[in-house]
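# Okay, predicted coordinates and the sequence, questions at the end:
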Amino acid sequence: MPDNCWIGITVEDGFGLERRVRGFQNVEAKVKFISFEPLLDRIIWANYLGGINWVIIGRLTGHGHRYDPEKRFIETIVQEAKERSTPIFLKNNLKEIWGEPLIQEFPFGEVNENPIHIKLGRR
């Protein structure tokens, strides 16, 4: 896999993690990440950390607050990632739930200081 190809899976609950991570563990890439989005349940993922370089956490948007994750769900993932020095990226849509400055780390310290924002749609 080329170095500029980052590969990830999306996991919303423990069942999704069990189902998706098996084949993912055998994939070789410079960056492998798990996106817990939308985070719908508490997930214990420490047993699946082998080779994971980045963790992204977010909530489901567009449905009000009905499916918002509990703060403790987020804290569990953050704690497990910190214990293994895995970079964590909390999406902006968690600001209200997290209640403190968002953790927004990147693998290998890579940060795009000047991101390009593209607006799609009609003029």
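Thanks, I have the structure now. Owing to the predicted nature of the structure, the values given are computational and were not obtained by experimental measurement. Numbers count the residues shown, from 1 in each chain.
# Pull the distance from stretch 12-26 to the chain's centre.
13 Å (CA atoms, centre = their mean, to the nearest Å).
# Over to stretch 92-111?
10 Å.
# again with stretch 52-61
Distance, centroid of stretch 52-61 to centroid of chain: 2 Å (CA atoms, centre = their mean).
# How far off centre is stretch 42-57?
9 Å.
# End to end on it, go ahead and measure it.
End-to-end distance of stretch 42-57: 12 Å, with CA to CA, to the nearest Å as the criterion.
# residues of that stretch that come out buried?
If you call a residue buried by 16 or more other CB atoms under 10 Å, then stretch 42-57 has these buried ones: 43, 45, 48, 49, 52, 53, 54, 55, 56, 57. For every residue, glycine as well, the C-beta is placed using N, CA and C.
# do the same with stretch 68-88
In stretch 68-88, residues buried by neighbour count (16+ other CB under 10 Å) are 68, 69, 73, 74, 76, 77, 78, 80, 81, 86, 87, 88.
# Equivalent analysis for stretch 7-25, please.
Of all the residues in stretch 7-25, those buried under the rule 16+ other CB under 10 Å are 8, 9, 11, 12, 13, 16, 17, 21, 24.
# which residues are in contact with it?
Residues outside stretch 7-25 that contact it (CB atoms under 8 Å, 6 or more residues apart in numbering) are 1, 27, 29, 31-45, 48, 50-51, 54, 56.
# change it to 7 Å
Contact partners of stretch 7-25, identified using CB atoms under 7 Å, 6 or more residues apart in numbering, comprise 27, 29, 32-41, 43, 45, 48, 50-51.
# same question, stretch 53-71
Under the criterion CB under 7 Å, 6+ apart, residues 31-40, 74, 77, 81, 86-91, 93-94, 97-98, 107 lie in contact with stretch 53-71.
# then the helix or strand containing residue 75 to CSV, C-alphas only?
Taking DSSP states H and E as the definition, one finds residue 75 inside helix 71-83. The C-alpha coordinates for helix 71-83 follow below in CSV (Å, rounded to 0.1, in the frame of the first residue of the first chain):
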residue,chain,number,x,y,z
LYS,A,71,-19.5,11.1,27.8
ARG,A,72,-18.4,7.9,29.6
PHE,A,73,-18.5,6.0,26.2
ILE,A,74,-16.0,8.6,24.8
GLU,A,75,-13.9,8.5,28.0
THR,A,76,-13.5,4.8,27.7
ILE,A,77,-12.0,5.0,24.2
VAL,A,78,-9.9,8.0,25.0
GLN,A,79,-8.4,6.3,28.1
GLU,A,80,-7.6,3.1,26.2
ALA,A,81,-6.0,5.1,23.4
LYS,A,82,-3.9,7.2,25.8
GLU,A,83,-2.7,4.1,27.6
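# Great, nothing more from me.
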